[in-house]
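> Fold the following for me, if possible:
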Amino acid sequence: MKRKSKLTDILPWVNPELDPAHPKNINYLGVRNIIEAARATKDCKRIVRITGKGETPWSIFSILINMFGSFAKAWNYEGEEVLRKCQDVDYTIIRPGVMKNVKPDKGKKILALADDGGNLKVSSVPYSTIADLCVQVLRYPNTARATLCAMNVPEGEGEVSYASFLQRVEPDRRIFPSSLMQQHVQAVRAGVFILLAAITSLVTGAVSILSWLFSKLR
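Numbers count the residues shown, from 1 in each chain. Okay, the predicted model is just below:
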């Protein structure tokens, strides 16, 4: 479910939890609900969650997605942290590239995977490829409590399947930031300021040009 930002999102008295489609309800509170549901079943031992690269609040992509997508990136990361702090239900977090509804290039050495929330260059990845990865990680006990970055790389630089990567995956070892919400908010504020400044500059320039043209026509 995708939701575009609304003007009311910036009003401090508007509660985002009243909108079921808001990323806070899906990417953060939704994850908390899934954990509670897993605990209630007593049979669910691991949650596989697809998120995205969200540790770079000041990147242009994060700013734009947060600006026009109701802080989807920011709430995605907050949801990740809920999983990492959960001690009685394991997790595997998968951070794919830009997922597209295209056929995978089977047989080509283009698959890449990095554990511990490793950094790989963003690329497009077929939905079906990531869906297969979600199933495969459950066959490897060592992928529990791991954050995986999954991208496609140029032909010959990757592998045909994820198997060789998954065999070497280790649980998260580094300490992830407990929250990046404040940084995401600051980055969006800066982005809005720059956008407004650019628009103001363009409008001022356009007005100046029009004024000059009208003066020549007189």
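
> residue contacts, the most centrally placed residue in the chain?
Geometric centre of the chain, nearest residue: Gly52, 2.9 Å, by CA atoms, centre = their mean. Counting by CB atoms under 8 Å, 6 or more residues apart in numbering, Gly52 makes contact with 73, 76, 95-96. Placement of C-beta: from N, CA and C, glycine included.

> what about 6 Å?
76, 95 (CB atoms under 6 Å, 6 or more residues apart in numbering).

> From Ile93, how far off is it?
10 Å (CB to CB, to the nearest Å).

> Ok, Arg49 next?
5 Å.

> okay, those two: which has more neighbours?
Using other CB atoms under 10 Å as the criterion, Arg49 and Ile93 rank with Ile93 on top: 23 against 20.

> hang on, the more buried one packs against Thr147?
Yes. Assessed by CB atoms under 6 Å, Ile93 is found in contact with Thr147 at 4.4 Å.

> got a pLDDT number for Leu18?
On pLDDT, Leu18 comes in at 80.

> and the gap between it and Asn33?
16 Å.

> Which of those two has more residues huddled nearby?
Asn33 (11 against 8).

> which stretch of helix or strand covers the more buried one?
Under the criterion of DSSP states H and E, Asn33 resides in helix 30-41.

> Could you pull out the buried residues of that helix?
Judged by neighbour count using 16 or more other CB atoms under 10 Å, the buried positions of helix 30-41 are 30-31, 34-35, 38.

> now swap in stretch 103-116 and tell me
Within stretch 103-116, the residues that count as buried by 16+ other CB under 10 Å are 104, 110-116.

> try stretch 188-196
Buried, per 16+ other CB under 10 Å, within stretch 188-196: 188, 191.

> Any stretches of this structure with poor pLDDT?
By pLDDT under 70, the weakly predicted segments of the chain are 1-14, 218.

> Swap in 50 and give it another go.
1, 12-13 (pLDDT under 50).

> starting at the chain centroid, how far to the longest helix belonging to it?
Counting residues, the longest helix found in the chain (DSSP state H) is helix 181-217. Mean C-alpha position of helix 181-217 versus that of the full chain (CA atoms, centre = their mean, to the nearest Å) differs by 29 Å.

> cool, and stretch 118-129?
Centroid displacement of stretch 118-129 relative to its chain, using CA atoms, centre = their mean, is 12 Å.

> what does it rub up against?
So stretch 118-129 is contacted by 96-102, 104, 112, 114, 149, 151-152 (CB under 6 Å, 6+ apart).
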